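Colleague: Predicted model follows, preceded by the sequence.
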Amino acid sequence: MISQSTGCWCMSVKGMLMLCMLFVVVPAFTGVIWVRLLRTGGGWNGFLHAWVCGFVTILAAGQLVLVPLVAMQQTLTTAIMCWKIVLTVLAVISFYLVLLHGQELFRIRSLKKGEKQEGGGERSANYWTAVFGVLAAVLILLQAWVPARYEHSDDDDARFVAEEVSAVVHDTMYQDSPIVADFMFWNTGEVRKDLTSPWAMYVAMNCRISGYAPAVLSHSYLPFFLILLCYAVYLLLGRSLFGKDMEKVFVFLILISVLHLWGYTSTHTLASMILLRIWQGKAVCAGFILPVFFYVFCEVMRRKYRPGYIAFLYVASVASCLLSGIGIVTAPIILFLYGLVDYVCHRKWRKTFAIWMAALPCAVFLGYYLIG
Amino acid sequence: MTVYITALWDEFVNFIGGRSGLAHWVFYLVALFVCMLTGRGMRRRLFWPSVLVLLLFFNPLFYWLIGTRFLSGIYWRLLWMLPVSFVTGYALTQFLFRFRRQFLRLLVLLAACACIVVTGKPVFSAETYREKENDYELPQAAIEIADIVEARLENWKETLIVPEELLCSIRQYSCSAGLLYGRNAGGFISSIEEDEAQVHWQMSQEVPDLELITRIAKEKNCRYIVFNTAFHQIPEDLTEYGYGKIATVQEKYAMYCRISEQ
């Protein structure tokens, strides 16, 4: 049994700090690369871009490291070592960018004279902006806090969390059955799907690094960070739709929060996925990565778009494969449809082709799953 | 073709949750219509992607080619591609800001939220969340049973038979506790064999056939059997079946171990 969070205050603080590093600091620092590429500017906008894009990049790195290692029946320790190397390389690149373009990266972009506001919004910060902002923050924090504070049991965890426990304790990856605990390897039953979507091993790596047991991390801590990440994407989407009119953006977030909080009309809805089992890969796919695609599409659809967003689609495509089999299926479909809309609107076949080609990683992983 | 159209409709109804989810979908469709009228930018970004996803989802040919072969039972997940809450949120926000007076905006915002609340169903309720028993957010009984197994471990793992309500939780805590059957009894993860299915059936009965359960348990090298005494009507002493009581967990679960190995 690995170390638990109960009983030791010291362990709890250390674990929390480690989780903040893993889910906030490291992704945000990695995302500096994208802040530079997408020229988002500094401030909150820059931080949100860095956090979201960095997390997506880390997921993509996890996918590229884990799939070959699972196929080669390597240990979890090896996977963590390789993943750390990749993260270190990304961190070095980010550090280099900070040294080289620090001022530019963290400067808050202001409108030049005559420059039109993106999204058509107007810069307005008044008393009501603050009121709506606080209300939106309260609703978002409530959504992040309740799943972490209270207990919801989901039977799918019998597979995912059990796989994580086996990986952490036995230092293997998908090698024993999540039910009977006998040697099985990944190519049996439903577990076969996990070779190309090793989200459980990604969580297991975080468990090993943070020292939390998989059930504790998945049920008590991951929801807090992942729900905040989801709302970071929705905030970026709001900014994309309403420009810098933050009053509208906050009202948009309030409405989305209410829609989600009262969206439990079935166990399948997006609201149910986000607020009931966000620690599972498919829920992260539904609540995080698909909205990321939607946000990037909103940016790419502009007449004057930043090509960096198309590059980011490739990374998001790899990241979606890590989460779930449905990520491997939905990412190409969504890219195809967005590419189609873009072509009909702008008639730039090169751009459309570039969007469609972003589905290639998904095709590779799907092919590997079908043939392998 | 009619079969596929019916199946598609069932997938959709299954996704939205029947009538309870209808109102939010009506809001979404109205919002989509508003986006179509808002202007070229929003038509491109919000309206067309949604329409294309809907056309793809409700396409019987696509369902036959992809849905039935690769997405059997999970076809409804394609609806996650629809930006339902974003489109609804966007249209409502734009509508709200048509009012120039701030207090009117606030009033309309409250009315919109009230509409969503009244027609929806809360995610956070006693039905979905409860006070947690421990940091693992697992039943305390599962943890205590797994701890007993761990403390008496003779091999790298032991096999157990546990009541239905503990099937999914024990292995989330400890990988030393293997199960004779688990979620596969419900048709998930892997297939279940006949013996395991028989034991599962007996364990779901108030008066289980102890002879059958213990015989199969011995054959399958299953060292522990746990009964829920609040549900199962079993004698306290199972010595005649080759199992002896070793613990009572949470005043509810009776844990038995093979006598020869006690």
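Modeller: Happy to help now that I have it.
Colleague: quick one: secondary structure of A:Ala158?
Modeller: helix (DSSP: H, G, I helix; E, B strand; the rest coil).
Colleague: And the pLDDT for it?
Modeller: With respect to pLDDT, A:Ala158 scores 92.
Colleague: number of nearby residues for the closest residue to it other than its chain neighbours?
Modeller: Closest residue to A:Ala158 apart from its sequence neighbours, by Cβ to Cβ, 6 or more residues apart in numbering or on different chains: B:Cys168 at 3.7 Å. Using the backbone N, CA and C atoms, a C-beta is placed for each residue, glycine as well. The tally of other residues near B:Cys168 (other Cβ atoms under 10 Å in any protein chain shown) stands at 27.
Colleague: do B:Pro235 as well
Modeller: 9.
Colleague: roughly how far apart are it and chain A?
Modeller: Distance of B:Pro235 to chain A, computed by Cβ to the nearest Cβ, to the nearest Å: 28 Å.
Colleague: A:Val161 is in contact with the residue nearest to A:Ala158, correct?
Modeller: No. Look at B:Cys168 against A:Val161 with Cβ atoms under 8 Å: they stay out of range, at 9.2 Å.
Colleague: hang on, the earlier thing: tell me who's in contact with the residue nearest to A:Ala158.
Modeller: A:Ser153, A:Asp155, A:Asp157, A:Ala158, B:Gly182, B:Arg183 (Cβ atoms under 8 Å, 6 or more residues apart in numbering or on different chains).
Colleague: in chain A, which ranges drop under the pLDDT threshold?
Modeller: A:1-11, A:105, A:108-125, A:186-189, A:372 (pLDDT under 70).
Colleague: quick check: longest helix of it.
Modeller: The longest helix of chain A (DSSP state H) is helix A:76-106.
Colleague: The helix or strand just after it and chain B, any residue contact?
Modeller: Proceeding N to C from helix A:76-106, the next assigned helix or strand is helix A:127-149, under DSSP states H and E. Yes. Helix A:127-149 comes into contact with chain B (Cβ under 8 Å from any Cβ of the partner chain), by way of A:Trp128, A:Val146, A:Pro147, A:Arg149.
Colleague: just to revisit the earlier point, run the chain-centre distance for the longest helix of chain A.
Modeller: 17 Å (Cα atoms, centre = their mean, to the nearest Å).
Colleague: Can you classify the residue nearest to A:Ala158 as helix, strand or coil?
Modeller: For B:Cys168, the assignment made with three-state DSSP gives coil.
Colleague: wait, does stretch B:202-220 contact chain A?
Modeller: No. Using Cβ under 8 Å from any Cβ, we find that stretch B:202-220 stays clear of chain A, coming within 9.5 Å at best.
Colleague: Now the element after the host helix or strand of A:Ala232, going C-ward?
Modeller: Secondary structure from DSSP H and E places A:Ala232 in helix A:222-242. The helix or strand immediately downstream of helix A:222-242 is helix A:246-261, counting by DSSP H and E.
Colleague: tell me the angle that next one makes with helix A:222-242.
Modeller: 140 degrees (axes from the mean of the first three to the mean of the last three Cα atoms, to 10 degrees).
Colleague: export helix A:246-261 as CSV, just CAs?
Modeller: Taking Å, rounded to 0.1, in the frame of the first residue of the first chain, the C-alpha atoms of helix A:246-261 are listed here in CSV:
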residue,chain,number,x,y,z
MET,A,246,-15.4,41.1,-19.4
GLU,A,247,-18.9,41.9,-18.2
LYS,A,248,-20.4,39.7,-21.0
VAL,A,249,-17.7,37.1,-20.4
PHE,A,250,-18.6,36.7,-16.7
VAL,A,251,-22.3,36.6,-17.5
PHE,A,252,-21.6,33.9,-20.1
LEU,A,253,-19.7,32.0,-17.4
ILE,A,254,-22.5,32.4,-14.9
LEU,A,255,-25.0,31.0,-17.4
ILE,A,256,-22.7,28.1,-18.4
SER,A,257,-22.3,27.3,-14.7
VAL,A,258,-26.0,27.3,-14.0
LEU,A,259,-26.6,25.1,-17.2
HIS,A,260,-24.0,22.7,-15.8
LEU,A,261,-25.2,22.7,-12.2
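Colleague: Show me what that helix packs onto, helices and strands only.
Modeller: Other helices and strands packing on helix A:246-261, by 3 or more Cβ pairs under 8 Å, 6 or more residues apart in numbering or on different chains; DSSP states H and E, are helix A:127-149, helix A:222-242, helix A:270-277, helix B:84-96, helix B:102-119.
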